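Just need the structure, nothing else, for what follows:
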Amino acid sequence: MAEGFSSYVRARIIATIGPASNSEETILAMIQAGMDVARLNFSHGTHDDHARSIRIIRKVAERVRRPIAILQDLQGVKIRTGALRQKQAVLQEGQSFTLTARDVPGDEQEVSVTWAPLPQNVRADDLLLLDDGRIRLRVDRVRDADIFTRVEQGGTLTPHKGINLPGIHLSVSALTEKDRDDLEFGLQQEVDAVAISFVRKPEDVIEVREFIRRIDPAKTGMPLIAKLERREAVEQLDAILETADGVMVARGDLGVETSLQDVPVIQKQIIQSANQKSKLVITATQMLESMIVNPQPTRAEASDVANAVFDGSDAVMLSGETAIGAHPVETVRMMATILLEAEEHLDAWGRWRGFLSGEPKDHPTALAHVAAELAMDRKVAAIAVFTQLGRSARLMSKARPRAPILAFTPNPATYRRLAMFWGVIPSLVPEAESVEKMVAHVETALLESGPIHPGEQVILVSSLPMALHGPPNFLLLHTVGNYNQKP
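Purely as a prediction, here's the structure:
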């Protein structure tokens with residue numbers, strides 16, 4: 001590896017922007033600490049709030065000349081309890097308790113729900129979980145708008161808590177009216193990727209893609225990340241991976257919908273499947289949760305982050321830690337420190353290559369595999385990928401080469417999205433109509449950047465003819481400094 005690349009973090013850091021981090025000063029510090037992707041959680045905040053955050057992110061990213069991708073996270077169908085008469089209601093084990101679609105102030109006997117069709121979607125003996133599983137209810141019967149339950153595990157209920165329905169198939173669209181409104185806003189704001197909440201089946205992803213195609217055909221290729229939060233999504237993982245551009249291991253709701261002891265195994269299963277299909281995979285939820293309050297994470301949290309890297313995650317995500325936490329910048333910096341140390345030990349504890357030996361590969365994937373193998377030569381300083389839409393860089397990223405991946409693109413939107421890919425260092429360059437122009441642009445960028453010097457070798461990966469913007473089909477071993485034509 002070239003000396004100038006010896007200390008860069010390959011795994012991507014996604015940080016959620018919220019009240020604790022939506023200032024220009026804090027976002028700048030988070031970028032400098034290692035944030036690659038800014039997540040905007042549309043479960044909270046107004047369009048004005050998010051528009052302001054987007055303006056700040058773009059402004060600061062341009063100032064520091066760093067591509068920062070913006071991930072819009074749609075709320076999805078999140079069923080919650082309603083308001084209470086008092087600040088809380090204490091539910092006792094064995095008591096009767098009613099969930100109702102009627103608009104009533106809640107108490108120890110009943111509470112309203114935010115999704116009116118809920119009574120039509122449950123039946124006797126179904127299990128309902130409130131507040132991330134802290135309160136367990138068993139359905140006795142359903143009558144009209146009311147669900148009569150028995151409390152199996154009591155607790156203190158506060159307003160607007162989530163309701164999970166493990167194993168229950170809901171008759172609901174993947175996109176709520178709020179999601180449609182939010183997504184249209186996000187497309188207008190030029191977000192770089194969209195996360196779809198509570199995906200159950202591949203048709204949910206297709207529905208979102210079709211909605212984008214109808215309202216803005218030019219953005220039909222928007223990267224879509226399926227958040228895997230329900231058991232039925234895990235059961236249809238392979239089919240979902242065929243339709244989505246990536247997946248998120250959303251361990252919060254997943255741990256409620258399945259069981260806590262299942263989550264580590266499911267996490268490994270999802271990551272392995274995503275890597276085999278060359279799809280982006282993000283590990284999320286409570287990664288450095290204690291840093292919402294404390295200046296240091298727990299040892300278990302540090303191990304969790306490192307193991308996500310060893311498993312093969314492309315990115316790790318911070319939620320409340322940076323959105324509402326007391327130490328947003330320090331949390332990003334700590335995440336980067338843990339990732340960098342873990343990546344020093346991928347040979348011993350992780351997998352460098354995203355592809356399994358002997359696995360069937362299409363031609364573009366096979367080309368990326370060959371480039372990664374060729375990069376094992378210690379004289380190869382980097383792999384330079386010329387990409388229009390990002391596919392070549394994604395495939396190269398999933399091949400997990402030891403050499404740095406330098407991705408060159410003339411497309412500003414692609415330039416930002418490349419920030420989501422493991423191990424990729426993006427550069428914005430002029431359009432190239434020929435191989436000669438491409439080599440000239442790469443030469444200029446490499447020599448001006450500093451870490452790579454004349455005489456070092458790089459592997460060039462691209463697609464020909466370049467005007468077609470097709471998958472990668474061209475590989476060249478090039479010695480830097482041996483090309484004199486200027487672009």
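
Next, count neighbours for Phe97.
Neighbours of Phe97 under the rule other C-beta atoms under 10 Å: 25. From N, CA and C alone the C-beta is placed, and that goes for glycine too.

Quick check: it touching Val151?
Yes. Here Phe97 reaches Val151: they are 5.4 Å apart, a contact under C-beta atoms under 8 Å.

Flag the shaky bits of the protein, pLDDT-wise.
The model of the chain has pLDDT under 70 over residues 1-6, 351-361, 378, 449-450, 466-469, 483-487.

helix or strand for the residue nearest the centre of it, which one?
Centroid check for the chain by C-alpha atoms, centre = their mean gives Ile282 as the closest residue, at 4.4 Å. In this structure, Ile282 sits in strand 280-284 according to DSSP states H and E.

ok, residues contacting that strand?
In this structure, residues lying in contact with strand 280-284 by C-beta atoms under 8 Å, 6 or more residues apart in numbering are 14, 223, 225, 245-252, 267, 270-271, 274-275, 308, 311-317, 319, 394, 420-421.

With stretch 336-347 instead?
For stretch 336-347, contacts defined as C-beta under 8 Å, 6+ apart pick out 7, 9-11, 13, 33-34, 302, 305-306, 309-310, 316, 349-350, 352.

for these, which one is nearest His453?
Ser7 (17.7 Å; C-beta to C-beta).

Report the secondary structure state of the residue lying closest to that closest one once chain neighbours are set aside.
Leaving out its chain neighbours, the residue that sits closest to Ser7 by C-beta to C-beta, 6 or more residues apart in numbering is Leu340, at 6.7 Å. What DSSP: H, G, I helix; E, B strand; the rest coil gives for Leu340 is helix.

Among the contacts of strand 280-284, which lie within helices?
251-252, 267, 270-271, 274-275, 308, 311, 394 (DSSP state H).

contacting residues around Val122?
For Val122, the contacting residues are 128, 139, 142, 147, 165, 168, by C-beta under 8 Å, 6+ apart.

Among the residues you listed, which one has the most neighbours?
Ile147 (26 neighbours).

Is it located within a helix, as I assumed?
No. Read with three-state DSSP, Ile147 is strand and lies in no helix.

Okay, and the beta partners of it?
When assigned by DSSP bridges, Ile147 has beta-bridge partners Leu99, Val142.

Any figure for the gap between it and Glu93?
Distance of Ile147 to Glu93, given as C-beta to C-beta, to the nearest Å: 18 Å.

ok, now Lys279?
Separation of Lys279 from Glu93 (C-beta to C-beta) stands at 43 Å.

Same drill for the two, tell me which one is more crowded.
Lys279 (20 against 12).

who's in contact with that one?
241, 244-247, 398.

circling back to that earlier point, please produce a markdown table containing the contacts of Val122, extended by distance to Leu183.
Formatted as a markdown table, the contacts of Val122 follow (distance: C-beta to C-beta, whole Å):
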| residue | distance to Leu183 |
| --- | --- |
| Leu128 | 29 |
| Val139 | 33 |
| Val142 | 33 |
| Ile147 | 31 |
| Leu165 | 24 |
| Ile168 | 26 |
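
Other residues contacting the host helix or strand of Ala61?
Using DSSP H and E, Ala61 falls within helix 47-64. Outside helix 47-64, the residues that touch it by C-beta under 8 Å, 6+ apart are 17, 22-24, 27-28, 31-32, 38, 40, 42, 67-68, 70, 182, 185, 189, 191, 416.

ok, now with 7 Å
Helix 47-64 is contacted by residues 17, 22, 24, 27-28, 31, 38, 40, 67-68, 70, 185, 189 when judged by C-beta atoms under 7 Å, 6 or more residues apart in numbering.
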